[in-house]
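# what shape does this take:
(3 chains)
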Amino acid sequence: MSYRFSKKDKLKSKKIIERLFNEGQSITVFPLRLIYLKTPFDDNSTLKTGVSVSKRLHKNAVSRNRIKRLMREAFRLNKPNYFNNSSTAYALMILYISKDTITFEAMDKTVKKMLQKFLDKTANK
RNA sequence: CGAGUAAAUCGCCUUAUCGAUUCUAAAUUUAUUUAGGGUAGGAAAGUCCGAACACCAAAGUGCGAUGCAGUGGCUAACGGCCAUCCACCGUGAGGUGAGGAAAAGUGCAACAGAAAGAAUGUACAGGUAAUGCUGUAGUGAAAUCAGGUAAACUCUGUGUGGUGCAAUGUCAUGUAAACUAACGCUUGAGGGCUGCACGCCCGAUGUUAGAGGGUAGACAGCUAAAGUUUACUGGUAACAGUAAACGUAGAUAAAUGAUAAGGACUCUUUGUGAGUACAGAAUUCGGCUUAUAGGUUUACUCUAAAU
RNA sequence: GGCCCCAUAGUUCAAGGGAUAGAACAAAAGUUUCCUAAACUUUAGAUCCAGGUUCGAGUCCUGGUGGGGCUA
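Next comes the predicted model:
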């Protein structure tokens, strides 16, 4: 798995997203929350990820966009270290649940922490 | 020099590394790789007007509803823009103005006041044959005059059919031309998303309702456009015409980014400091309105001083 | 994205352009009670914001802010 994060690595299907929110499990590492669900995909990819920021917490489109970009970037740079040899398919959704803005440094740290927690939890099963 | 007025314009830059999206070309493979190019604004915002475009089988008439309002022009169109008259504000450069009609009709005017459109009255003065006949005072935002008020109804002129790209068309997936009820088959059930009426059109493998099944995806629409810049000509101007050059985002849980270094500018408690506005395309244009750190340019006005 | 609607005390609602914006519940203080509740008396509290029209705007007009609904 590489540092790339292209169209097919993004979570797009409305159907899966709906199932994800209804049935998925979550891990919270403030100010992020990860929702995940074990599910197969039609195109045989093992991981699809989406990011989201609530319009209620961030009314301004510029700051909303910025947070989403930071989340995507941090996930992109860290994902090879955690998902390199995973065989089961997961759908992930990362939510930002704080009202404040954030720097890339803090985002990077939080994403690392969150993914480690995710690995621990899923490996135990 | 200082204080202003009007208009125009910019609104962080460079390099490196790692990415996103899209177009073109080539290669293999039929979804990837390689190379090259494009990739946020002046408001992309609010959705307040006007259009293009699409559908409503035709898109028609009347009533209703509603927008606009000195005069003339510009424009595809407009509630926009330009010019100009008038009124008000400012010493001035300039600014602001929903600025048609009260002699068609209906309504409204708290408190005060004799009296608010019905009629008449206090004090003083003047005047008459006589009388609120006249003036002043007094009340009030407004006081007798063809009164005021139309961002009250209304009238006049003029414009508007409705719905909006989640429009609309094609394909894929899935099944069910199934089931129940009502109505109806040319003597017409019902429908055509419109406030109402008329007219018109569709209509039998029919329509409506109930209960239920499937999809929530792809492609087209989608970006070359009433286009931008420069020069010349016409016009006071908005703008129009001609010529040349340019070829200018197209995503869909939604790309246009992240990090590092250097520079620029501003503030400053002078330090290896802090900060760099408002803000993110969603069918596309023309406007309006609102938000906006700071900088630059042009024209003009006023005050003081000097000449 | 598009199309609509609403905004008045802490809450739910009133108010033909005209006095000091009204009512109920809630709140606070007091009376009563050994204390609480109930009851009674009293008090405080609001027109989302900024302009305009008007002699005078909660009401009419314009712009903004916030909240809600519909739409394959």
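
# quick check: closest non-adjacent residue to the spatially most central residue of chain A.
In chain A, the residue lying closest to the centroid (Cα atoms, centre = their mean) is A:Ile94, at 3.6 Å. Counting by Cβ to Cβ, 6 or more residues apart in numbering, A:Val51 is the residue found nearest to A:Ile94 once chain neighbours are left out, at 4.9 Å. In short, each C-beta sits where N, CA and C put it, glycine included.

# give the burial count for A:Phe78, as a bare number.
For the record, residue A:78 is Asn, not Phe. A:Asn78 has 17 neighbouring residues, counting by other Cβ atoms under 10 Å.

# residue contacts, it?
For A:Asn78, the contacting residues are A:108, A:111-112, A:115, by Cβ atoms under 8 Å, 6 or more residues apart in numbering.

# part of a strand, is the residue nearest to the centre of chain A?
Yes: looking at A:Ile94 with DSSP: H, G, I helix; E, B strand; the rest coil, it is inside a strand.

# what does chain A have sitting close to RNA strand B?
A:2-8, A:10-15, A:17-18, A:50-52, A:60-62, A:65-66, A:68-70, A:73, A:76-77, A:103-105 (Cβ under 7 Å from any atom of the strand).

# which stretches of chain A form helices?
A:14-23, A:61-83, A:104-123 (DSSP state H).
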